[in-house]
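Asks: One predicted model, sequence on top.
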Amino acid sequence: MTKSLLRIELRNRVRELRKLGKTYSEIKLKIGESMPKSTISNWCKGIKPPAFYTKKIESINQENLKKAREIAVQVNRIRREKYLANLRTKNLYLINKITKDVSKIALAVLFLGEGSKSVKGTVIFGNSDPAIIQLFLGLLRKCYKIDESNLDAPYNVELIKIQ
């Protein structure tokens, strides 16, 4: 067979596969040849895909979107971890520059947002983030002499020291 006859047969095979509802990627796999999708698209002009084709493409798109979202979550998690680690490293020196007055302001802001008083001499502080609770207790220790035996926490919170 001549090259042009082979090309015509290939084109007819591509058109038949398209009529059966195959995607361009599926057609490329079936014919087993490296061919640009633009060529397949050009050869398939005017062919109306079967009724099920739209649902098939929607299903493929949904599956691809699901995979893309899973990858995006992983990539964003890694990116965020790197960003936060960089922030910690760059700002670690600031911990030694915090004065007692600045600590009292931070303590007051935390208490205004998350604290309350119920009985004279009783301070209540609640937050779902253990790091915030640790910060509050650390600042409380730094700013005031407190009797640690009077501290009562419903959860085991490891306490940090702020110098």
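Replies: Structure's in. What do you need?

Asks: tally of neighbours for S38?
Replies: 9 (other C-beta atoms under 10 Å). Yep, even glycine has a C-beta here, placed from its N, CA and C like the rest.

Asks: Specify the local secondary structure of it.
Replies: helix (DSSP: H, G, I helix; E, B strand; the rest coil).

Asks: now do R88
Replies: Classified using three-state DSSP, R88 is helix.

Asks: all strands for this protein, in order.
Replies: For the chain, the strands defined by DSSP state E cover 115-117, 123-125.

Asks: Just say which of those is most tucked in.
Replies: A comparison of these by mean neighbour count, using mean count of other C-beta atoms under 10 Å, puts strand 123-125 on top with a mean of 14.

Asks: So in that sheet, which strands flank it, and in what orientation?
Replies: strand 115-117 (antiparallel) (DSSP bridges).

Asks: Break this protein into its domains for me.
Replies: Taking automatic domain parsing as the reference, the chain has its domains at 3-50, 51-94, 98-150.

Asks: which residues make contact with the helix or strand bottoming out on mean pLDDT in the chain from outside it?
Replies: Lowest on mean pLDDT, DSSP states H and E among the helices and strands of the chain sits strand 123-125, with a mean of 82. Residues external to strand 123-125 that are found in contact with it (C-beta atoms under 8 Å, 6 or more residues apart in numbering): L110, F111, E114, G115, S116, K117, S118, I133, F136.

Asks: and which of those residues is nearest K90?
Replies: Using C-beta to C-beta, L110 is the member of those that lies nearest K90, at 23.1 Å.

Asks: so I47 sits right up against K19, yeah?
Replies: Yes. Using C-beta atoms under 8 Å, I47 and K19 qualify as a contacting pair, with a distance of 5.8 Å.

Asks: Now do N76, the pLDDT please.
Replies: pLDDT, N76: 98.
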